[in-house]
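Student: make a model of this:
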Amino acid sequence: LYYDDAIFQKAQMDLENSNYEEAVNGFGVIVSRYSNGGFAPYAYLKRAIAFQNLKRYDETVADYKTILSKYPTHPVAQSALPGLQDALALAGRSAEFSDILLKYKEVNPASAGALVNIEFRNAENLYNDQNYKEATESLKKFVATYPTNANIPQARFYLAESYYRLKDYENASREYQSLS
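Tutor: Just a heads-up that it's a prediction; the model follows:
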């Protein structure tokens, strides 16, 4: 009856004590044996954190994606977004995040306002990864959706730079001028 709770608590202690392999194993027991239990979404989240600390980014991404696909409306799903965003960036796969975020917003329309910083970081990561075409789309959407956000000047700068890198000098010039 309380076995899953005991396993989860032990894995949590391992995570807090930087025993990441042991934490991965403990949380793995929860997700494999008790996948329908109440601890499963939390176990995926904690295991993803342990994987990330072990620099096992593909497994980190897989656990975060599992949370978002199996438990899209669970409160832990929104907590998975920043971790997934970071893991994808560390793995050089930032471009994957846009579609994941879009699906999350479709399933959780009331959460859109809470995601503004995640959306900006997504656009910023695309720019930093030199995915200029994807960055321009994400930045244009961000500017249109959140016109009064404090990050708008930075977003417009990234947008101008992205246009410039894509040799779209007319749009680059327009964006640069909007900054002055």
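Student: Lys55: how many residues sit nearby?
Tutor: By the criterion of other C-beta atoms under 10 Å, Lys55 has 10 neighbours. Placement of C-beta: from N, CA and C, glycine included.
Student: is it in a helix, a strand, or coil?
Tutor: coil (DSSP: H, G, I helix; E, B strand; the rest coil).
Student: retrieve the pLDDT associated with it.
Tutor: Predicted confidence (pLDDT) for Lys55: 95.
Student: any idea how far it is from Gly28?
Tutor: Per C-beta to C-beta, to the nearest Å, Lys55 is found 18 Å from Gly28.
Student: residue contacts, the nearest residue to Val76 once chain neighbours are set aside?
Tutor: Closest residue to Val76 apart from its sequence neighbours, by C-beta to C-beta, 6 or more residues apart in numbering: Pro41 at 4.4 Å. Residues in contact with Pro41, defined by C-beta atoms under 8 Å, 6 or more residues apart in numbering, are 67, 70-71, 74, 76-77.
Student: list buried residues within those.
Tutor: 67, 71, 74, 76-77 (16 or more other C-beta atoms under 10 Å).
Student: which ones are touching the closest residue to Phe27 other than its chain neighbours?
Tutor: Closest residue to Phe27 apart from its sequence neighbours, by C-beta to C-beta, 6+ apart: Arg47 at 3.7 Å. Going by C-beta under 8 Å, 6+ apart, Arg47 touches 11, 23-24, 27-28, 31, 63.
Student: pretty sure Ser18 sits against Ala50.
Tutor: No. The pair Ser18 and Ala50 does not pass the contact test of C-beta atoms under 8 Å, sitting 9.4 Å apart.
Student: neighbour count for the two, which is higher?
Tutor: Counted by other C-beta under 10 Å, Ser18 and Ala50 do not tie: Ala50 has more neighbours, with 26 against 10.
Student: element containing that one?
Tutor: helix 40-53 (DSSP states H and E).
Student: which parts of that helix are buried?
Tutor: Of all the residues in helix 40-53, those buried under the rule 16+ other C-beta under 10 Å are 40-52.
Student: and that helix, how far out from the chain middle?
Tutor: 14 Å (C-alpha atoms, centre = their mean, to the nearest Å).
Student: helix or strand right after it?
Tutor: Next along the chain after helix 40-53, taking DSSP H and E as the criterion, comes helix 57-70.
Student: so what secondary structure elements neighbour that next one?
Tutor: helix 40-53, helix 75-90, helix 97-107 (3 or more C-beta pairs under 8 Å, 6 or more residues apart in numbering; DSSP states H and E).
Student: contacts for the longest one, please.
Tutor: Meaning helix 75-90. Helix 75-90 is contacted from outside by 41-42, 44-45, 48-49, 52, 57, 60-61, 64-65, 67-68, 71, 94, 96-97, 100-101, 104, 108, 111, 114-115, 118, 121-122, 125, 128-129, using C-beta under 8 Å, 6+ apart.
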